[in-house]
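Asks: Sequence first, predicted model second:
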Amino acid sequence: MPKLPAPSRRRAAPPRQPAAAVPRAIGDAASVDTSRLLPLDDRLYAYLLDETVREPGLMARLRAETRRLPNASMQISPEQAQLMGLLVRLIDARRALEIGTFTGYSALAVALALPADGQLICCDVSEEWTEIGRRYWRKAGIADRIDLRLAPAADTLAKLIAAGQTGSFDFAFIDADKENYDLYYEQCLKLVRPGGLIAIDNALWHGAVADPACNDVDTAAIRALNRKIRDDARVDMVLVPIDDGLLLARPRG
Ligand SMILES: C[S@@+](CC[C@H](N)C(=O)[O-])C[C@H]1O[C@@H](n2cnc3c(N)ncnc32)[C@H](O)[C@@H]1O
């Protein structure tokens, strides 16, 4: 592991352009030169962590505390947290959404990248796990940027839409129950402004998406959403093979 130490401006959503077909020329792995692809073995991953990850000490401590929990693997990796912080800064995000907070590590990465008057609305159903996050958010001095809503995420997002918050968020991170990913994606498409960013975790689902023998509900949901977004003319998109796969979708104007 590495050794490292106000409401935003509201933007009215312009009308979306009618969906046009997404052009695709590439369709099969056989047509791609795979000789440049590197398997990320333990040695190379250790190098990546040691030489390129700038994880603040508090985030490292939260990660260490979370590792003692049986569900620790739900937490995103430090390099993914760093990428998300960079993306939040790149788009000058002020208002962000998180669907699935757990012990608050990804929320901490996003909140630290927001400006002092930024806001992150976190959706989760677990008082116990998020209480750990609250502790670290206070220690980091960014607790006032985070509005934790303990309720099913679909309800929280529906309330935001009903309250007229359409197009008022810059960034959303989806990382909760996989069965509802499609619903969260559609809700986030309403809430995130054109030119903002929706990041969807677990898009590679530990490889199961490419295994035809895996057809459980979660795998099927992620596989279907990946394909739907690939063909979705409402967004620009890319799947970044970092950690468990991070699918990025940028709503078009
Ligand atoms: C994969 S974890 C999130 C990990 C977190 N983003 C991180 O990197 O530390 C998924 C979280 O989604 C929450 N969750 C599951 N179903 C949910 C629902 N219907 N609404 C809101 N949160 C839910 C769980 O309580 C859990 O904390």
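Replies: Everything's here; your move. What you see is a predicted model; the values in this text were computed from it and never measured.
Asks: drop to CA atoms for contacts and neighbour counts, all remaining ones
Replies: Noted.
Asks: From what I see, Y181 and C188 are in contact.
Replies: No. The criterion here is CA atoms under 8 Å, and Y181 misses it with C188 at 10.2 Å.
Asks: Looking at these two, which one has more neighbours?
Replies: Taking other CA atoms under 10 Å, Y181 and C188 do not tie; C188 has more neighbours (27 against 22).
Asks: Tell me where the stretch 151-253 of the chain has helices.
Replies: Using DSSP state H, counting those that start in this stretch, the helices of the stretch 151-253 of the chain run over 153-162, 181-191, 217-230.
Asks: who does the second one touch, helix- and strand-wise?
Replies: If you count contacts as 3 or more CA pairs under 8 Å, 6 or more residues apart in numbering; DSSP states H and E, helix 181-191 packs onto helix 153-162, strand 169-174, strand 192-200, helix 217-230.
Asks: still on that earlier bit, just name the most buried of the helices of the stretch 151-253 of the chain.
Replies: Each of these was scored by mean neighbour count; the highest is helix 181-191, a mean of 20, by mean count of other CA atoms under 10 Å.
Asks: Out of the helices of the stretch 151-253 of the chain, flag the one nearest the ligand.
Replies: Proximity to the ligand (CA to the nearest ligand atom) singles out helix 153-162 among the helices of the stretch 151-253 of the chain, at 3.8 Å.
Asks: Over the closest one, what's the mean pLDDT, rounded is fine.
Replies: For helix 153-162, the mean pLDDT works out to 98.
Asks: Quick check: beta-bridge partners of the residue nearest to the spatial centre of the chain?
Replies: In the chain, the C-alpha nearest the mean C-alpha coordinate belongs to F173, at 3.1 Å (CA atoms, centre = their mean). Under DSSP bridges, the beta-bridge partners of F173 are E98, A199.
Asks: Let the chain start at 73 from now.
Replies: Sounds good: first residue 73 from here, last item F245.
Asks: Am I right that it is in contact with G268?
Replies: No. Between F245 and G268 there is no contact under CA under 8 Å: 11.5 Å.
Asks: Excluding sequence neighbours, find me the nearest residue to A93.
Replies: Closest residue to A93 apart from its sequence neighbours, by CA to CA, 6 or more residues apart in numbering: A305 at 6.3 Å.
Asks: could you dump the helices and strands packed on helix 253-263 to CSV with distance to the ligand?
Replies: Listed next are those as CSV, based on distance: least, CA to the nearest ligand atom, whole Å:
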stretch, distance to the ligand
helix 225-234, 4
strand 241-246, 8
strand 264-272, 10
helix 289-302, 12
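Asks: Kindly reformat the ones you listed as CSV containing distance to S178.
Replies: Formatted as CSV, the helices and strands packed on helix 253-263 follow (distance: least, CA to CA, whole Å):
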stretch, distance to S178
helix 225-234, 16
strand 241-246, 9
strand 264-272, 12
helix 289-302, 20
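Asks: of all those, which lies closest to L120?
Replies: Of all those, strand 264-272 sits nearest to L120, with 21.9 Å by CA to CA.
Asks: closest one to A215 among the helices and strands packed on helix 253-263?
Replies: Checking the helices and strands packed on helix 253-263 against A215 by CA to CA gives strand 241-246 as the closest, at 18.2 Å.
Asks: between that closest one and helix 253-263, how big is the angle?
Replies: Interaxial angle of strand 241-246 relative to helix 253-263 (axes from the mean of the first three to the mean of the last three CA atoms, to 10 degrees): 170 degrees.
Asks: Which strands and helices lie in contact with strand 241-246?
Replies: Counting contacts by 3+ CA pairs under 8 Å, 6+ apart, strand 241-246 is packed against strand 167-171, helix 253-263, strand 264-272.
Asks: Save those as CSV, and put in mean pLDDT too.
Replies: Listed next are the helices and strands packed on strand 241-246 as CSV, based on pLDDT from 0 to 100:
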stretch, mean pLDDT
strand 167-171, 99
helix 253-263, 98
strand 264-272, 98
